[in-house]
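J.: Below is the sequence, then the predicted model.
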Amino acid sequence: MATFTSDGTILSVSAGPPATYDQAGYEALTFTAIGEVVDFGSGDSTYGVASYKPLATRTTVKRKGSVEHSDMTFQMAKDIADAGQVILQTGLDGAEDDTEHSFKIALADGTVQYTTGLITSFSTEIGGADSIVFASLTIARSQGVVEV
């Protein structure tokens, strides 16, 4: 297995969900790169467990239940002129605030990951005198990751 660094990874956004939640559906969308991203969070999917205990066997039977797609958080240097960051702001509290957005993560090795969710936070982080002003994006995912 070849390993590689995160350098060269690009996060992009599309203001809307795909027609289908598969490679073809996501590739039909138009994505805009989000500038100045410095840190990607993780995005896992966790299944609940439904269980029962038959008296005859004294064994707990377990089955996968509902799935929860965790929120994803990204950090970026704030750039109010960046087209991707403008879409994020509009998705938080503008005309597209209730619209699910689609996201594309293009890794340096050519792998692409897609997901969809609501923009629930796009906050400004102001540090000290020698700090860059950052923005923090949180996506409440409604779909798992489609990796191609």
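T.: Great, that's in hand.
J.: Provide the secondary structure category for L88.
T.: With DSSP: H, G, I helix; E, B strand; the rest coil as the basis, L88 sits in helix.
J.: Can you give me the buried ones in the helix or strand of the chain with the lowest mean pLDDT?
T.: Counting by mean pLDDT, DSSP states H and E, the weakest-scoring helix or strand in the chain turns out to be strand 37-40, with a mean of 90. For strand 37-40, the neighbour count (16 or more other Cβ atoms under 10 Å) marks 37, 40 as buried. C-beta coordinates here come from the backbone N, C-alpha and C atoms, glycine included.
J.: Quickly run through the sheet partners of it, with directions.
T.: strand 72-77 (antiparallel) (DSSP bridges).
J.: what pLDDT, on average, does the strand it pairs with get?
T.: Strand 72-77 carries an average pLDDT of 94.
J.: low-scoring stretches of this structure, by residue?
T.: Across the chain, residues meeting the criterion (pLDDT under 70) sit at 1.
J.: still on that earlier bit, so how far is the least confident helix or strand of the chain from its chain's centroid?
T.: 12 Å (Cα atoms, centre = their mean, to the nearest Å).
J.: Just the CA atoms of it, as PDB, please.
T.: Presented in PDB, the C-alpha positions along strand 37-40 are these (Å, rounded to 0.1, in the frame of the first residue of the first chain):
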ATOM      1  CA  VAL A  37      -8.400  25.000   3.600                       C
ATOM      2  CA  VAL A  38      -5.800  24.000   6.100                       C
ATOM      3  CA  ASP A  39      -7.300  21.100   8.100                       C
ATOM      4  CA  PHE A  40      -9.800  18.400   7.200                       C
END
